[in-house]
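Peer 1: make a model of this:
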Amino acid sequence: MATPITLSPPVLYSLRALSEAGYGSVETLHRAIHEGRLEAVRVGGRVKVSADALDDYLRLSAERYSRDGGGAR
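Peer 2: Numbering: from 1, shown residues only. Okay, the predicted model is just below:
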């Protein structure tokens, strides 16, 4: 007999919620999406970001920051 699988929907964040949590301005997040650095989906006409996509974005941003010596001065 097969074991039933329970699927739960992914956690999705609005750009406003991410901005309010300190992940950058809404404009910065939109730019990252447009440049392909942050993956997003449209849900009901709104842009949403999954927890996994946010993790990837933060990891890549940290790697880029470290590689570039802490940013331009």
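
Peer 1: residues of stretch 18-32 that come out buried?
Peer 2: Judged by neighbour count (16 or more other Cβ atoms under 10 Å), stretch 18-32 contains these buried residues: L18, S19, Y23, G24, L29, A32. Where C-beta positions appear, they are placed from N, C-alpha and C, glycine not excepted.

Peer 1: the second one touches L29, doesn't it?
Peer 2: Yes - the criterion here is Cβ atoms under 8 Å, and S19 meets it with L29 at 6.5 Å.

Peer 1: am I right that V41 is in contact with S50?
Peer 2: Yes - using Cβ under 8 Å, V41 is in contact with S50, at 7.4 Å.

Peer 1: those two: who's more crowded?
Peer 2: S50 (15 against 12; other Cβ atoms under 10 Å).

Peer 1: before we move on, what SS does the closest residue to the more buried one other than its chain neighbours have?
Peer 2: In space, S50 comes closest to P10 once its chain neighbours are excluded; the distance is 5.0 Å by Cβ to Cβ, 6 or more residues apart in numbering. Secondary structure, DSSP: H, G, I helix; E, B strand; the rest coil: P10 is coil.

Peer 1: what about P10, how many residues nearby?
Peer 2: P10, neighbours per other Cβ under 10 Å, totals 11.

Peer 1: can you list residues touching both of V41 and S50?
Peer 2: L12 (Cβ atoms under 8 Å, 6 or more residues apart in numbering).

Peer 1: need the helix or strand of this protein with the lowest average pLDDT.
Peer 2: Using mean pLDDT, DSSP states H and E, helix 51-67 stands out as the lowest-scoring helix or strand of the chain, at a mean of 92.

Peer 1: just the buried positions in it, please.
Peer 2: Using 16+ other Cβ under 10 Å as the test for burial, helix 51-67 gives A53, L54, Y57.

Peer 1: ok, V49 to P4 distance?
Peer 2: 30 Å (Cβ to Cβ, to the nearest Å).

Peer 1: who has more neighbours, these two?
Peer 2: V49 (23 against 5).
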